[in-house]
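J.: Got a predicted structure plus its sequence, pasted below:
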Amino acid sequence: MIQAFRNLLVLFMALGGSCSTSLAAEPEIPPGFRSLFNGRDLEGWEGMAGDWKVDEGALTGTTDGTLKHNRFIVWRGGPVKNFELRIQVKVTPGGNSGLQYRGVERPDLGETVVTGYQCDVVANRADYNGMLYEERGRRILAHTGEKVVIDAEGQPWVVGELPVEEFAAGEWHDYRVLVEGNHHQHWIDGHQTVDVIDLDEKGRRLEGVLGMQVHVGPAMTIRYRNILLKTLPDDSPVLTAKEAPVQTDARKVVPQGQDKPKAAAKKSSD
């Protein structure tokens with residue numbers, strides 16, 4: 001009987017039918033992680049109703065090109081400190097967004113404004129996509145492809161390099177953010193984009209809110225799904241200048257507005 005039903009269902013789908021109950025299994029949640037988004041509504045999240053909705057099972061932000069300042073949706077599950085975040089992201093060509101973490105809500109600066117660390121989502125610039133930015137703060141802390149130490153005065157220094165790759169807009173990509181103490185690391189599709197140690201005690205934050213951004217500029221759509229968070233121990237070490245020295249041959253991170261787009265390295269063919 002069960003096999004006969006399955007056969008009928010396969011035939012029905014082959015003929016273009018649809019079924020209100022999805023047979024697809026829910027994404028498996030890795031050990032130690034929890035899901036922050038139910039895929040149905042905005043339960044547990046707070047942002048401007050005109051900016052955010054759930055569409056096709058994704059937390060979806062849209063803009064029409066008239067935003068006056070960047071706005072955010074915030075997860076209301078409490079502050080994040082040391083954690084690993086895994087999330088799937090899809091952005092339209094020319095879109096600009098970011099994964100905000102250890103942030104501070106600043107209603108005095110505008111509706112749903114959040115300041116703080118951000119893993120950028122910028123599909124049209126390979127050297128921005130996956131970089132570490134500080135919203136309304138120290139700004140670019142590390143371009144994509146840079147290993148950086150931020151000194152005690154807040155100056156970021158490039159102490160090493162990572163290969164830069166392009167990730168096409170309009171497709172789903174796996175973003176990963178790992179933050180332990182003052183050590184920040186980002187990945188896209190398993191490719192590491194930045195590695196940063198923040199020694200600036202005045203400028204850095206060790207905990208804060210988690211959120212997503214819609215950005216001023218052209219109309220765009222950003223989608224987030226399968227949002228998974230793993231909380232790490234509160235006593236993760238905070239590295240010191242002795243443990244993260246700035247070599248004499250290190251160069252300063254080029255400030256925003258003075259940097260020029262850096263293309264991804266061309267892949268050699270075998």
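T.: Sure thing, it's come through.
J.: Run a quick neighbour tally on Gly137.
T.: Using other C-beta atoms under 10 Å, Gly137 has 17 neighbouring residues. Glycine gets a C-beta too; all of them are placed from N, C-alpha and C.
J.: That one contacts Gly203, doesn't it?
T.: Yes. The pair Gly137 / Gly203 is scored as a contact, 6.8 Å apart, by C-beta atoms under 8 Å.
J.: Can you get me a residue count around Leu162?
T.: Look at Leu162: counted by other C-beta under 10 Å, it has 16 neighbours.
J.: who are the neighbours in contact with it?
T.: Thr144, Gly145, Glu146, Lys147, Gln192, Thr193, Val194, Asp195 (C-beta atoms under 8 Å, 6 or more residues apart in numbering).
J.: where do the strands sit along the stretch 151-270 of the chain?
T.: 156-161, 173-180, 183-188, 191-198, 209-214, 220-231, 251-252 (DSSP state E, counting those that start in this stretch).
J.: Quickly run through the sheet partners of the last one, with directions.
T.: If you go by DSSP bridges, strand 251-252 pairs up with strand 156-161 (antiparallel).
J.: Pull out the buried residues from the partner strand.
T.: Residues of strand 156-161 classed as buried: Pro156, Trp157, Val158, Val159 (neighbour count, 16 or more other C-beta atoms under 10 Å).
J.: what's in contact with it?
T.: Contacts of strand 156-161 (C-beta under 8 Å, 6+ apart): 138, 140-142, 145-151, 195-196, 246-247, 250-253.
J.: could you give the angle of it to strand 191-198?
T.: Interaxial angle, strand 156-161 versus strand 191-198 (axes from the mean of the first three to the mean of the last three C-alpha atoms, to 10 degrees): 140 degrees.
J.: Tell me what the closest residue to Glu56 other than its chain neighbours is bridged to.
T.: Closest residue in space to Glu56, ignoring its immediate chain neighbours: Arg223 at 7.7 Å, by C-beta to C-beta, 6 or more residues apart in numbering. Arg223 has these beta-bridge partners by DSSP bridges: Thr60, Lys90.
J.: re the thing from before, between the strands of the stretch 151-270 of the chain, which one is closest to Val114.
T.: Among these, the nearest to Val114 by C-beta to C-beta is strand 209-214 (5.3 Å).
J.: counting contacts, what elements does the closest one pack onto?
T.: strand 58-63, strand 71-75, strand 96-105, strand 114-122, strand 220-231 (3 or more C-beta pairs under 8 Å, 6 or more residues apart in numbering; DSSP states H and E).
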